[in-house]
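>>> the following comprises the amino acid sequence and a computationally predicted model.
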Amino acid sequence: MLVKDCMTRHPIMIAPETPATEAQKIMGENKVRHLPVVGDGKRLMGLITRQRLDLKPDTLASLDVWEISRYLADLSVKQLMVKAENVHTIEPDRTIERAARMMADHKIGGLPVIDDDVVVGVLSEVDLLRSFQEMLGLPAEGVRVTIRMSDVRQPNQPSEFSKLMAVVAEQGWGVMGVGTFPSPRKPGYYDAVLKIPNATLAEVKDALSKIPGQEIVDAREVA
Amino acid sequence: MAETRSPDNKSPVLKLDNVAVAYKVRGGEIEAVQNVSFEIARGEAHAIVGESGCGKSTVAWAILNFLGANGYVKRGSIKFLGQELVGKSGEELRRLRGDQIGMVYQDPMQALNPSMRIGEQMKEVLTVHRGMSDDEAADRCIQMLERVYMPDAANVMKRFPHQISGGQQQRVVIGMALLNNPALLVMDEPTTALDVTVEAAVLDLIAELRRDFDTAIMYITHNLGVVARVSTRVGVMYAGEMVERGAVEDIFDSPQHPYTQGLIRCVPKLGADKASSLLYPIRGRVPPPNNRPSGCVFSPRCDYVEDRCRDERPQLREMPNRTWVRCHFAEDIDPAKWTPAEDITVPEIADGDGKKDIILQLDGLRKYYEVQGSSLKDVFGMGEPRYVKAVEGASFNVPRGSTLGIVGESGCGKSTLIKTIIGLESSTEGKAEFMGFDITTNLDDRNEKLIQELQMVFQNPDSTMNPSYTVFQQIARPMRRFSTVPREQVRSEVLKLLEAVRLGENYLERLPRQLSGGEKQRVGIARAFASRPDLVLADEPVSALDVSVQAAVLNLLLDVQREYGTTMLFIAHDLSVVRFFSDYVAVMYLGQIMEIGPAEAIYAPPYHPYTEALLSAVPIPDPNVKQKHIRLEGAVPSAISPPEGCRFNTRCPRRELLPDPDICLTTPPWRETDDGHRIFCHHTLETLSSFEPVIETQSKKESQYAS
Amino acid sequence: MAVAQPTVGAAPRKRPSRWQTMWKSISIVFESRVATIGMAMVLFWVLLAFISLFWTPYPPNATDFVQNLPPNATNWLGTDHLGRDLLSRLMQGTQVILLKTRLPFANISFPIGVAIWGVIGSVIVGAILGLNAGYRGGWWDQITMQILDALIAFPVIVLYLVVIAALGQGDLVVILAITITGAPGVARLVRSLALDIKTRDYIRAAETRGENVWYIMFVEILPNARGPLLVDSMLRVGYAIFAIGTLGFLGIGLPPPDPDWGNMVNEARKSIFANQTAVIWPSVAIASLVIGLNLFADGLREELTRYQK
């Protein structure tokens, strides 16, 4: 799953001269929180977010009433945006995990996707969330089972995960979603989450509890 | 064309809300378009369908700000990528749109500069907008040309537009439009001017590019078949209003608005038999923009009209199946129970009966045009003469009273064949006889009586009538010329003919500029039949008319022919048009007749491989139909140096099936079946019969419109 | 909003009367300011010409006044070197151009002025030649156009001189000269119109009816070339008037004693030191009539083609 498969193509973008009030209106009507600011040829010049549009009280404090409205009317996006060099961006061929990492690290909600300086899309948190829940097989019906297994691989032994898969293959089940996480509160172990369609809870519990060295931490039917 | 996208609530790329466009004219204002609302999401292809004058192009121009000095958006909002376009100045609009909207026109030469090489023009798009270096731009252009399946892309970059074919020009234009990755692509009848097989390939291309680039496409067309093939959603427009809107399967499976139902009924279909290929026209005519009815704009022509329709204008409302319809009674109308109104006459299907005498006989007819070479030797007359071999060895017999449909794409020689028969050209070689008269000479050498018996109906309604004379004068002329009736009776004869073409007495004194396209064509038909000819040649008589008018004129032609017992040769470029009323059909390619026979035989196997390709290329106005996907590679070869033997051999998809493919370089034999069906091919009849049928309907809705 | 249209064959409203249709065609002129001004100027002179048939302030040839007077109360435009009233002479000068042509042998004149007859002549001859060249093409085209091109190469005045030298002076000769010089231009125009029109389907239809060539040329093609031909003819009347003026100036124009504007300019030129204003009036007359015709033709052409696709 790459950024280009997940991003919103042809995002809504604005020119630097656009007044701030209009940018606000566009964000509101179209329910977007990140607006790339582009120049000729869709070149990225900056990014406008909801936050940037909030005016700081101290900037205004020194102005009187008439000046405030004039200031607001003249305010263009160019003056408020995050400049291009400070905007975090990503290329379309990168993985979504990397995108997720960037967003988590820098606490940002949206990444402009850049191909050679030109904006080709925007990847937002919501896009990522949607993607990830597909990864874990959320839309599919079936049994969701979490298996805890050891992180350490025994020499000359098949890996824990392949043992699990062997059992699944034996049963002839399909797997609609897979995810692995380091076990919370139990270092040295990791949890594998599987979404198995067309099987009953009892069957799954029965088959998977028998794997040595692995325990079912959670199993539930999800419609 | 069903596609499921995971629903996302992103705002649409284009959203029109209750848009009205008006033009200022001498003495006031005309609202060309009213109450149009629709939206297009990313990656969706939204078709706008309608006949001429419905305002579909006006909508496109309003979006692109091409309305000209006297047009303006009177009401409503047009939002592109979230930003409002209405009310902004030209400069602001240019900034907003920038390179985000691409447009493709019907005529590729409107977008291509004939004096610049293709490479230069394409690079300009990139170097100007994106400031790219020349080399990088060149690379991208070649990449894009390859993306649009242009053979020999690097070479094409160096050529001028007139050096490539129409289909290739259109591909270049599409490529140019996509170079800057626009969010919206507006296509205004991009394939209407192209041949069927070329059109099929370009439509495939558009579908593929849409998926790859995720562009929103607004596709304007009048051809329902193309709509079924290329779009995901459809908006039907009539007289400036949008009357129905919904997903393409829903619109074709269960059209709700009477106009949509009527349109679907009058589109020629490739049905399995004659009965299901009948066309039912919509009566009446489109109201002019300055004289629209109050209430529902379709009410004068609607079969289900009630008083409420005339008084109250209906609003667009949503139906249970999520289509939007502008009709008061949409729920009550069931198309399956529709019967034609009394004043629509549909010709009876006559069964082919016993042998009739042959009225027209052609044997090995050839027509070559000499081409003036351009080398110095040629100028002095010393070079080798070169010929455009327009018609090569045409041989067939036409029984009296029957109709022969001749189908082929542009350059196949059908027009030349007709011109030779009627005498506008003289033939080069071969025999041709009409009622015992030799017709290999041209008009200057022909007998008057012969001329009287051979008349023609022309293609273009605007140029078929002399603008300076009234309808009466023009129909009366052949009568007076050939003295078919005594002077006193001329007027009543003209009236009789007018009645036969369903025009009233008040048309006698009208001038052509006061008539609509369909009416002019009817007068043309009346004129052709005025001298009671034995053979009428019709050169694509309906291709320039709207779909609903086509149905009426075709039915009319058939009626008149029956009434006067005339034999008819009918040229069309589309197999579906000739389907329902031809007794025999001939398929031509590059001057050769590839297949000829009784009509039913042509549409089912055994087919000639070219006929098969034609049938699989025709866009069918029914998304439920399964159609084979055979596409021809390459372009039609030049008629000056055509391929040896079977002229189709360079592109034949079935050539490799032969044990010895080189045999196609020799003249093929005629394969004959019992019912007079002949195929010009090296494959045996068994092989040809073994091909699957090109078109298979998936039962359920097929018989919905059969009477 | 108006009432719904009935089905096929809607009857037109009551047929407009002759006057109404004529008025409608004429009113196109008023749409263009240019054409209106032009028409006003031309009508002014035509009116003056009609009036002069019945009345002029003084007899044009009467040498009653003091010579070379500038404009004054009795002679509104002054007098010429022979003491004749300029205004009267000016008015009468319009007649020959616009209104009547004099026959050489008898003392009668027949209606319509020299300029107009000349243009009619060139239109007739030019149309025949042009239609033949355009429609028939081939050798007809080559030969005709080569000859006509050769004629066009001559400066117009030289052609006039040749004709007048060969045939002597007189109104009919001038008409002939105008015809000969005007025909090539008209032929070229008609030829290009014919080339375009002959591609239309209705010409094919006529051919497939076996109509003969002359029928097709004059009945099918020519009526559709009316528009541009009409506009061109009006311009030609202007050129003809101009040419007549030049001839008059050179002294070989219309014979005396009837006043001729060109002649008037010539004579006034000779006595320009005595009377500066006499030159102006006939020059302005020629100029204004020609400009008026030009404007009218131009404006008309603009209007006719304005709403065409």
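Arrived safely, thanks for sending.

>>> who in the stretch 301-450 of chain B is up against chain C?
Counting by C-beta under 8 Å from any C-beta of the partner chain, the stretch 301-450 of chain B comes close to chain C at B:Arg301, B:Arg310, B:Asp343, B:Ile422, B:Gly423, B:Leu424, B:Leu443, B:Arg446, B:Glu448. Just so you know, the C-beta spots here come from the backbone N, C-alpha and C atoms, and that holds for glycine as well.

>>> could you dump those into CSV with neighbour count, distance to B:Lys269 and secondary structure added?
Formatted as CSV, those follow (neighbours: other C-beta atoms under 10 Å in any protein chain shown; distance: C-beta to C-beta, whole Å; DSSP: H, G, I helix; E, B strand; the rest coil):
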residue, neighbour count, distance to B:Lys269, secondary structure
B:Arg301, 23, 22, helix
B:Arg310, 17, 33, helix
B:Asp343, 9, 23, coil
B:Ile422, 25, 31, helix
B:Gly423, 23, 36, coil
B:Leu424, 16, 34, coil
B:Leu443, 18, 38, helix
B:Arg446, 19, 40, coil
B:Glu448, 10, 43, helix
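
>>> tell me which two in those residues are the farthest apart.
B:Arg310 and B:Arg446 (56.0 Å; C-beta to C-beta).

>>> helices and strands of chain A: which one has the lowest mean pLDDT?
Lowest mean confidence among the helices and strands of chain A (mean pLDDT, DSSP states H and E): helix A:57-61, at a mean of 64.

>>> for whichever helix or strand comes after that helix, packing partners?
Later in the chain than helix A:57-61, the nearest helix or strand by DSSP states H and E is helix A:65-74. Contact partners of helix A:65-74 among helices and strands, from 3 or more C-beta pairs under 8 Å, 6 or more residues apart in numbering or on different chains; DSSP states H and E: helix A:20-30.

>>> rewinding a little: by pLDDT, rank the residues of the stretch 301-450 of chain B next to chain C and give me the bottom one.
Among these, B:Asp343 carries the weakest pLDDT, at 59.

>>> show me the chain divided up by domain.
Reading this off chain A. For chain A, automatic domain parsing gives the domain ranges A:3-133, A:142-222.

>>> actually, chain B is the one I wanted.
Structural domains assigned to chain B are B:102-181, B:358-586, B:604-696, following automatic domain parsing.

>>> got CSV for those, with distance to B:Leu85 too?
Shown next, in CSV, are these (distance: least, C-beta to C-beta, whole Å):
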stretch, distance to B:Leu85
domain B:102-181, 15
domain B:358-586, 30
domain B:604-696, 32
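
>>> now the ones you listed as CSV including distance to chain A?
Listed next are the domains of chain B as CSV, based on distance: least, C-beta to the nearest C-beta, whole Å:
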stretch, distance to chain A
domain B:102-181, 4
domain B:358-586, 33
domain B:604-696, 26
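
>>> what residues does the stretch 451-600 of chain B put near chain C?
In this structure, the stretch 451-600 of chain B approaches chain C at residues B:451-452, B:454-456, B:458-460, B:463-469, B:477-478, B:481-482, B:502-504, B:506-507, B:510, B:514, B:524, B:527, B:531, judged by C-beta under 8 Å from any C-beta.

>>> narrow those to those in helices?
B:Ile451, B:Gln452, B:Arg477, B:Pro478, B:Arg481, B:Phe482, B:Gly524, B:Arg527 (DSSP state H).

>>> for the nearest residue to the last one once chain neighbours are set aside, give me phi and psi.
Using C-beta to C-beta, 6 or more residues apart in numbering or on different chains and skipping the chain neighbours, the partner closest in space to B:Arg527 is B:Ile475 (5.1 Å). Here is the backbone geometry of B:Ile475 (degrees, to the nearest 10): phi -80, psi -30.

>>> neighbours of B:Ile475, how many?
26 (other C-beta atoms under 10 Å in any protein chain shown).

>>> let me know the pLDDT of it.
Looking at B:Ile475, the pLDDT reads 92.

>>> that one and chain C, how far apart?
Distance, B:Ile475 to chain C, by C-beta to the nearest C-beta, to the nearest Å: 11 Å.

>>> so that residue touches B:Val523, yeah?
Yes. Counting by C-beta atoms under 8 Å, B:Val523 is a contact partner of B:Ile475 at 6.7 Å.

>>> burial measure for B:Leu511, as a count.
Neighbour number of B:Leu511 under other C-beta under 10 Å is 15.

>>> now do the contacts for the nearest residue to it once chain neighbours are set aside.
Closest residue to B:Leu511 apart from its sequence neighbours, by C-beta to C-beta, 6+ apart: B:Thr470 at 5.8 Å. Residues in contact with B:Thr470, defined by C-beta atoms under 8 Å, 6 or more residues apart in numbering or on different chains, are B:Leu508, B:Glu509, B:Arg510, B:Leu511.

>>> please list only the buried members of those.
Buried members of the contacts of B:Thr470, counted by 16 or more other C-beta atoms under 10 Å in any protein chain shown: B:Leu508, B:Arg510.

>>> mind putting the contacts of B:Thr470 into TSV with pLDDT?
Listed next are the contacts of B:Thr470 as TSV, based on pLDDT from 0 to 100:
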residue	pLDDT
B:Leu508	89
B:Glu509	88
B:Arg510	89
B:Leu511	89
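
>>> hmm, back to that, now list the buried members of the residues of the stretch 451-600 of chain B next to chain C.
B:451-452, B:454-456, B:458-460, B:463-466, B:468-469, B:477-478, B:481-482, B:502-503, B:507, B:510, B:524, B:527, B:531.

>>> next, count neighbours for A:Leu35.
A:Leu35, neighbours per other C-beta under 10 Å, totals 29.

>>> so it touches A:Glu22, yeah?
No. Between A:Leu35 and A:Glu22 there is no contact under C-beta under 8 Å: 10.6 Å.

>>> list the contacts for the residue positioned nearest the centre of chain A?
What sits nearest the mean C-alpha location of chain A, by C-alpha atoms, centre = their mean, is A:Leu128, with 2.7 Å. Contact analysis of A:Leu128 by C-beta under 8 Å, 6+ apart lists A:Cys6, A:Ile96, A:Ala99, A:Ala100, A:Met103.

>>> which one (most neighbours) among those residues?
Comparing those on neighbour count, A:Ala99 comes out first with 25 neighbours (neighbours: other C-beta under 10 Å).

>>> which other helices and strands contact the helix or strand encompassing that residue?
A:Ala99 is part of helix A:96-106 when elements are defined by DSSP H and E. Taking 3+ C-beta pairs under 8 Å, 6+ apart as contact, the helices and strands that helix A:96-106 lies on are helix A:3-6, strand A:110-115, helix A:125-135.

>>> once you drop chain neighbours, what's closest to A:Leu35?
Leaving aside its sequence neighbours, A:Leu35 sits nearest to A:Ile48 (C-beta to C-beta, 6+ apart; 4.5 Å).
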